[in-house]
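all I have is the shape, not the residue letters:
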């Protein structure tokens, strides 16, 4: 550690290192609402927030993914600001951090216990046909998806009967959760009966999760503010948010796209890894199309120049909204660490950040709970992340 880091945060980086190495399954509060690729450990996010910020401080995740940092920041009484270019990310973060009223909980419980058991792929009607008409159901007509596709459409059509938008979005998230379980990377067929049982059970479990989250935020004297943005982490997106808040970020905890690594954050793989944009069909969100849209570059390209140019632009914007005494904590992996890590650190320097940990103190961790198709490729550089800690210069 640098002398400045040791003097400012004695012993804290050791605790952060232990949390970064946490391999336990993602759980607690609303963290189980959806399996986003390479998710943060909630323990790591909570440790960083507790050690490097105070209640009432503003915590930013400019590449928020599944919203783990946003959930933990709100649960710890911070102002939580999240941003992501992926509309699926903002959907999830909102579903995970929007408490339900008692009447909404009753309506969702009724839906889970009374409506879901009657869902059928034999159902008909205009609402079902409208749900099935989406182009975002591509590849769901394949063998392992065709029956689930129709019962899924029936579930989506039934959402219109819920009393409020918050209740509808919560149920939509439950359908997303179970559909991922039933379809994404699945090697065996999921029966309609299995789908219905799982959907009822998961929805009831998610209700308890949102109750637990609600209980955590009401403990604070002031309810935490949560601001979510769907953009590219540049000045156009971030500066108006912080101008409205009247303050800058005390802490940034995030995981940016990995150089040279193209993760399917936005698609599922069904029937032999054929891609489907079904998550956007289920959530009624817009798909930006193509991994290059989400990963700072095209997966077919062996060059990473575009990645680093885009990273520099977004990091400069992030530097403009971090407090002078703030910290930026990242977990990031590289397809070629020896080549890409020094270049990334150089980009951080050009953006206005200095590293708080020297080479010998850097913390590497194995990415837990990777998808089956990632394991099939064996151990790759993208299976290891490095913890980087930077201060603004």
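Sure, I can see it. Treat the numbers as computed from the prediction; the structure is a model and nothing was measured.

low-confidence stretches in this structure?
1-10, 38, 121-134, 142-145, 298-303, 358, 360, 368-382 (pLDDT under 70).

excluding sequence neighbours, find me the nearest residue to residue 85.
residue 232 (4.9 Å; Cβ to Cβ, 6 or more residues apart in numbering). Every C-beta, even on glycine, is put in place using the N, C-alpha and C of the backbone.

hang on, the one you found packs against residue 86?
No - contact between residue 232 and residue 86 fails when scored by Cβ atoms under 8 Å: they sit 10.2 Å apart.

okay, these two: which has more neighbours?
residue 86 (23 against 20; other Cβ atoms under 10 Å).

who's in contact with the more buried one?
65, 230, 265, 266, 288, 294 (Cβ atoms under 8 Å, 6 or more residues apart in numbering).

tell me which residues in the strand or helix carrying residue 170 are buried?
Assessed by DSSP states H and E, residue 170 sits inside helix 165-183. Neighbour counts over helix 165-183 (16 or more other Cβ atoms under 10 Å) mark 166-183 as buried.

show me what that helix is packed up against.
Helices and strands touching helix 165-183, by 3 or more Cβ pairs under 8 Å, 6 or more residues apart in numbering; DSSP states H and E, are helix 87-97, helix 102-110, helix 146-158, helix 192-217, strand 268-270, helix 278-283.

geometric centre of this structure: which residue is closest?
residue 66 (1.2 Å; Cα atoms, centre = their mean).

host element of the nearest residue to that one once chain neighbours are set aside?
Of all residues not flanking residue 66 in the chain, residue 36 sits nearest, at 3.1 Å (Cβ to Cβ, 6+ apart). For residue 36, there is no enclosing helix or strand under DSSP H and E.

wait, residue 36 sits on residue 265?
Yes - judged on Cβ under 8 Å, residue 36 makes contact with residue 265 at a distance of 7.0 Å.

residue 113 and residue 212, how far apart?
According to Cβ to Cβ, to the nearest Å, residue 113 stands 20 Å off from residue 212.

give me the distance from stretch 342-352 to the chain's centre.
25 Å (Cα atoms, centre = their mean, to the nearest Å).

for it, which positions count as buried?
For stretch 342-352, by 16+ other Cβ under 10 Å, it's 343, 344, 345, 347, 348, 351.
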